[in-house]
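Participant: structure for this input, please:
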Amino acid sequence: MSLSLAEIGTLYLERGRSQYGGEAVSQIEHALQCAELADQAGESEATVAACLLHDLGHLLAAEGRGQADETPGVDDLHQYVPLPFLRGLLPEAVLEPIRLHVEAKRCLCSTEPGYQAQLSPASRQSLVLQGGPHTEAEAAQFLAQPFAPEALRLRRYDDLAKVPGQTTRPLAHFLERLQGLVGS
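Facilitator: Numbers count the residues shown, from 1 in each chain. Okay, the predicted model is just below:
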């Protein structure tokens, strides 16, 4: 069953005020900052949408558990959770970067010197739960996938989207833009 854009908006408004892991921003602040950064960089509508929705799985997983946020010490596989709810609503150009954004972090940790060291403490902790840096073979396999470049860019916006008090356009702005992708 697909979520509607209205249901996505409600989910962010009801559950998105919770803290984003161990970061100093809420889930909704993180999502909006990530989408804003992608938009400012001139990304496609699909990539901006993926940036907005990439952590929706945290909210859906928390809703299923009746909790406000992730369970500490457990990888909730948030990159996969929203896919059945978004499939049929949004195109693969949105879904695949969402699915791949955790693998993008793992890839960058193994292929880019210094990347892992610049991750936030919470992101370094989740990296361990997510399997750690890729092996050379895993990185090559990841990079060969369609939408890997978009997932890598999403990941970089994700890393930067953790600024307390950062001003962004409202959720309604980005949900309205998503309307153009629905059913495409």
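Participant: what bits of the protein have low per-residue confidence?
Facilitator: Along the chain, the parts satisfying pLDDT under 70 run over 62-75.
Participant: try 80
Facilitator: Across the chain, the ranges flagged by pLDDT under 80 are 1, 21, 62-76, 183-184.
Participant: show me what contacts the most centrally placed residue in it?
Facilitator: Nearest to the geometric centre of the chain sits H54, at 2.3 Å (Cα atoms, centre = their mean). If a contact means Cβ atoms under 8 Å, 6 or more residues apart in numbering, then H54 has A31, C34, Q79, P97, I98, H101, L154, D158 as its contacts. Yep, even glycine has a C-beta here, placed from its N, CA and C like the rest.
Participant: could you rerun that using 10 Å?
Facilitator: Residues counted as contacts of H54 (Cβ atoms under 10 Å, 6 or more residues apart in numbering) are 30-31, 34-35, 38, 78-79, 82, 94, 97-102, 104, 151, 154-155, 157-158, 161.
Participant: count of neighbours near L53?
Facilitator: L53: 26 surrounding residues under other Cβ atoms under 10 Å.
Participant: ignore what I typed, I meant G132.
Facilitator: Count around G132 with other Cβ under 10 Å applied: 12.
Participant: tell me which element it falls in.
Facilitator: For G132, there is no host helix or strand (DSSP states H and E).
Participant: which one is it nearest to, not counting chain neighbours?
Facilitator: R106 (7.0 Å; Cβ to Cβ, 6 or more residues apart in numbering).
Participant: quick one: name whatever helix or strand follows the helix or strand containing that neighbour.
Facilitator: Per DSSP H and E: R106 is located in helix 92-111. Under the assignment DSSP H and E, the closest C-terminal helix or strand after helix 92-111 is helix 115-118.
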